[in-house]
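In: can't give you the sequence, but here's the structure:
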């Protein structure tokens with residue numbers, strides 16, 4: 001069975017999407033529609049901007065979303081997933097690819113999400129760090145002992161987990177996790193503590209937008225970050241999507257569940273191939289490839 005997966009923030013690169021725009025009339029039409037919806041020419045930044053310009057939250061998230069979903073529309077009837085999943089931001093791409101929300105609504109939600117997250121980052125300084133070489137349970141136990149906010153945020157692959165929280169909380173966790181034997185503890189260059197309680201103001205803001213958006217039953221199961229389980233029920237999908245900003249991304253668990261439910265071919269749609277490398281660590285027997293047009 002074929003599973004389509006969609007990347008999250010960090011996959012962007014200068015020039016992204018330009019080849020699609022120039023080669024496919026449908027892509028050009030969708031990119032121009034995106035410029036109109038967003039109220040600025042995101043294509044100018046994607047195609048010709050610098051890495052720093054692409055790193056602006058208002059740009060990064062919509063840019064990755066566009067680069068991820070437009071190829072699925074170009075594929076047309078050839079795009080027939082058995083299941084889908086997306087890492088963090090990528091969950092919105094997955095929902096559009098599965099027909100649960102329209103391209104236009106997906107882009108609006110992603111843009112609102114980016115703005116809400118940026119605002120939450122400005123309320124209180126916070127950060128994230130990648131912890132390499134420890135069991136998940138050890139990271140969970142250490143985070144639970146710290147009084148400042150710090151939580152597991154991304155279960156990326158066995159032995160690789162990202163923690164998220166206040167500056168003090170993450171610093172203290174790094175110190176304790178190194179003492180527990182972590183091979184590496186790497187502070188990440190991010191603007192805030194995503195997928196942690198620090199994102200509560202953004203969750204409240206995004207909840208309103210999600211509730212106002214029309215959702216349809218997806219054409220295939222959508223494995224969601226919050227539960228790592230397949231969903232087809234519209235209300236459950238919305239509830240999980242609202243919870244996503246303040247909850248961990250259970251990617252390791254998601255990929256294992258997809259594999260156990262029959263996925264043996266994972267196709268990544270979007271910029272880069274980060275997810276393919278991670279998936280091979282989780283399910284070494286799986287075949288992984290990029291979506292080709």
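Out: All right, it came through fine. Owing to the predicted nature of the structure, the values given are computational and were not obtained by experimental measurement.
In: any chance you could map the helices in the stretch 1-150 of the chain?
Out: Using DSSP state H, counting those that start in this stretch, the helices of the stretch 1-150 of the chain run over 18-23, 25-38, 42-48, 51-54, 57-75, 90-97, 103-123, 136-145.
In: Can you add distance to residue 273 and mean pLDDT and give those back as JSON lines?
Out: Every C-beta, even on glycine, is put in place using the N, C-alpha and C of the backbone. JSON lines is the format used below for the helices of the stretch 1-150 of the chain (distance: least, CB to CB, whole Å; pLDDT from 0 to 100):
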{"stretch": "helix 18-23", "distance to residue 273": "16", "mean pLDDT": "97"}
{"stretch": "helix 25-38", "distance to residue 273": "20", "mean pLDDT": "98"}
{"stretch": "helix 42-48", "distance to residue 273": "18", "mean pLDDT": "97"}
{"stretch": "helix 51-54", "distance to residue 273": "18", "mean pLDDT": "91"}
{"stretch": "helix 57-75", "distance to residue 273": "13", "mean pLDDT": "96"}
{"stretch": "helix 90-97", "distance to residue 273": "13", "mean pLDDT": "98"}
{"stretch": "helix 103-123", "distance to residue 273": "21", "mean pLDDT": "95"}
{"stretch": "helix 136-145", "distance to residue 273": "24", "mean pLDDT": "96"}
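In: Just say which of the ones you listed is most tucked in.
Out: Highest mean neighbour count among these (mean count of other CB atoms under 10 Å): helix 90-97, with a mean of 28.
In: Any idea how far it is from the middle of the chain?
Out: 9 Å (CA atoms, centre = their mean, to the nearest Å).
In: try stretch 221-241
Out: 14 Å.
In: and if you look at stretch 187-207?
Out: 13 Å.
In: same deal with stretch 11-26?
Out: 20 Å.
In: Regarding it, how distant is the last residue from the first?
Out: Chord length of stretch 11-26, first to last residue, is 23 Å (CA to CA, to the nearest Å).
In: List the contacts of that stretch.
Out: Stretch 11-26 has contacts (CB atoms under 8 Å, 6 or more residues apart in numbering) with 27-28, 31, 43, 46-51, 54-55, 60, 63-64, 66-67, 70-71, 73-74, 270-272, 274, 293.
In: Nearest the middle, which residue of the chain would you pick?
Out: residue 88 (2.4 Å; CA atoms, centre = their mean).
In: Enumerate every residue touching the nearest residue to that one once chain neighbours are set aside.
Out: Here the nearest residue to residue 88 in space, its sequence neighbours aside, is residue 8; by CB to CB, 6 or more residues apart in numbering that works out to 3.6 Å. Contact partners of residue 8, counting by CB under 8 Å, 6+ apart, are 64, 86, 87, 88, 89, 90, 249.
In: out of those, which one sits closest to residue 215?
Out: Nearest to residue 215 among those, counting by CB to CB, is residue 86 at 15.5 Å.
In: quick one: residue 7 and residue 25, what's the gap?
Out: Distance check for residue 7 against residue 25: by CB to CB, to the nearest Å, it reads 25 Å.
In: Kindly provide the distance from the residue of the chain most remote from its centre to residue 172.
Out: Relative to the centre of the chain, and counting by CA atoms, centre = their mean, the farthest-placed residue is residue 179 at 30.4 Å. As for residue 179, its distance to residue 172 is 11 Å (criterion: CB to CB).
In: same question, residue 130
Out: 16 Å.
In: Repeat that for residue 245.
Out: On the measure of CB to CB, residue 245 and residue 172 end up 23 Å apart.
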